[in-house]
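Visitor: need coordinates for the below:
(one chain, ligands or ions: 1)
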Amino acid sequence: MRLSLALMVALCLQGAVDPKVEQAARLFERIWKEYFKSRGEVYQAPILTAFTGKQGSACGKVNPGNAYYCDKDNTVYYDADFLAALRLRVASETGTSGEAAPVIAIAHELGHAVFAQMNRQARPRGAMQQLQGYGEEKVADCLAGALTRAAAEQRVLAAGTLAEAEATIAIIGNLNARKGHPAWRVRYDSFLSGYRNGVNACEPNPLENLRYRR
Ligand SMILES: [Zn+2]
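Guide: Got it, this is the predicted structure:
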């Protein structure tokens with residue numbers, strides 16, 4: 001389904017939902033459904049919930065100024081104002097529309113959803129299941145890279161996507177650097193490996209498991 005222009009304008013004025021995020025989310029759902037199907041598994045697409053101010057979840061209170069995936073209710077919560085501000089900041093740094101910024105943030109959270117679902121479904125236990133914390137973040141960034149590439153190829157995102165990705169990850173990476181996430185350059189490298197080589201490049205290798213396991 002394509003959103004009509006009038007509806008897109010209405011959504012923009014409302015401020016809560018970014019039409020690019022909606023468009024990308026539909027594409028990402030299709031991609032993950034096909035990917036899981038090819039593995040003989042079923043993808044349960046997470047709910048996307050935009051919020052402003054305070055928000056509860058099955059994982060507890062969700063703080064403004066970020067985006068989160070809660071596996072207990074399979075929902076991605078995102079502060080719509082924060083993502084709109086992120087987009088503007090990336091736009092001013094890159095001289096582009098900045099439209100990739102909120103899409104990349106959502107793609108990263110969907111990476112956590114995919115990670116959680118693969119871990120639940122995989123038999124026998126796969127390499128992913130041994131990762132936690134730092135390693136999981138790298139996988140989520142890599143999966144976000146693969147999705148962002150697909151969004152660029154499907155023209156959901158316009159030219160300038162990679163410059164926007166670098167600026168986005170630098171900003172988010174510096175915000176989260178002290179919360180157990182890798183340094184932003186490491187995160188951008190993971191993103192690039194997914195962007196260049198696709199989802200299969202995101203399977204962690206055993207040496208990385210040893211290095212990053214906590
Ligand atoms: Zn993360």
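
Visitor: so where is the protein shaky, pLDDT-wise?
Guide: 1-16, 122-134, 176-182, 204-214 (pLDDT under 70).

Visitor: so which bits of it are right by the ion?
Guide: Glu137, Ala140 (Cβ under 5 Å from the ion). Every C-beta, even on glycine, is put in place using the N, C-alpha and C of the backbone.

Visitor: compute the first-to-last residue distance for stretch 41-61.
Guide: Length of stretch 41-61, first residue to last, Cα to Cα, to the nearest Å: 31 Å.

Visitor: list the buried residues of it.
Guide: Neighbour counts over stretch 41-61 (16 or more other Cβ atoms under 10 Å) mark Tyr43, Ala45, Pro46, Leu48, Thr49, Ala50, Phe51, Gln55, Ser57 as buried.

Visitor: show me where the chain has strands.
Guide: For the chain, the strands defined by DSSP state E occupy 47-51, 67-70, 75-79.

Visitor: CSV please, covering these and showing distance to Leu86.
Guide: As requested, the strands of the chain are exported to CSV (distance: least, Cβ to Cβ, whole Å):
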stretch, distance to Leu86
strand 47-51, 14
strand 67-70, 9
strand 75-79, 10
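
Visitor: figure out which of the ones you listed is closest to Arg155.
Guide: Across the strands of the chain, Arg155 has its closest neighbour in strand 47-51 (21.1 Å, Cβ to Cβ).
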